[in-house]
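>>> Predicted coordinates and the sequence they were generated for:
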Amino acid sequence: MLNEKIEKYLNKQINAEMWSAYLYLSMSAYCQNNDLKGFANWYFVQFKEEQDHAMILFNYVNSRGGKVSLMPIAEVETEWNSILAAAEDTLCHEEKVTAMINELYSIALEEKDFATQSMLKWFIDEQVEEEESVKEIIGKLKLLQGNGFGLYTLDNELAARVYTQASPLAAKA
Ligand code: MG
């Protein structure tokens, strides 16, 4: 049986992942509106991955006999000053998510909930990747310094990103 405090934080995390999905879908729309189809694709893949993150937690709460409580998803931004500003917002957001995962893990340690600690390890590793991939994009955007051809090339590169289901979900399917 899932401890009440852990259950509360897991539900909070489900909401944060759904909010992340919503934010990235909004960024995808912003990119579409600004003729950056490759970036729009990259953010659309992010959107799907965030939904996977929420579902991993959703399945976990259920498998431990806990109760999933879905809360309202907060409003997201719809406009950014530039694609660089959107990418910087993405990094800032992922750093917040990392802090939430770390807090959740420290609560699981305090509560001696070993199964939750084990499940969260995937998320800890995933956050390292999330931050790294957006840092790489920010670095490239800064190198381009608004160069149109560079941006066009980077947009084409990001158009190639393909969604694959998160491994804990794929393993369950
Ligand atoms: Mg996530």
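Nice, I can see it.
>>> For the ion, what is the nearest residue in this structure?
Closest residue of the chain to the ion, Cβ to the ion: H53 (3.8 Å). For the C-beta atoms, the positions are set from N, CA and C on the backbone; glycine is no exception.
>>> Model confidence for that residue, exactly?
H53 carries a pLDDT score of 97 in this model.
>>> can I assume it is in contact with W19?
No: if you go by Cβ atoms under 8 Å, H53 and W19 don't touch, sitting 10.9 Å apart.
>>> higher neighbour count, these two?
H53 (26 against 20; other Cβ atoms under 10 Å).
>>> Let me see the contact set for the more buried one.
E17, S20, F123, E126, A166 (Cβ atoms under 8 Å, 6 or more residues apart in numbering).
>>> What strand or helix carries N62?
Assigned by DSSP states H and E, N62 belongs to helix 37-63.
>>> tell me which residues of the helix or strand following that helix are tucked away?
The C-terminal neighbour of helix 37-63 among helices and strands, as given by DSSP H and E, is helix 83-110. Across helix 83-110, burial judged by 16 or more other Cβ atoms under 10 Å covers 83-84, 86-88, 90-91, 93-94, 97-98, 100-101, 104-105, 107-108.
>>> if I look at H53, how far off is E4?
Distance, H53 to E4, by Cβ to Cβ, to the nearest Å: 22 Å.
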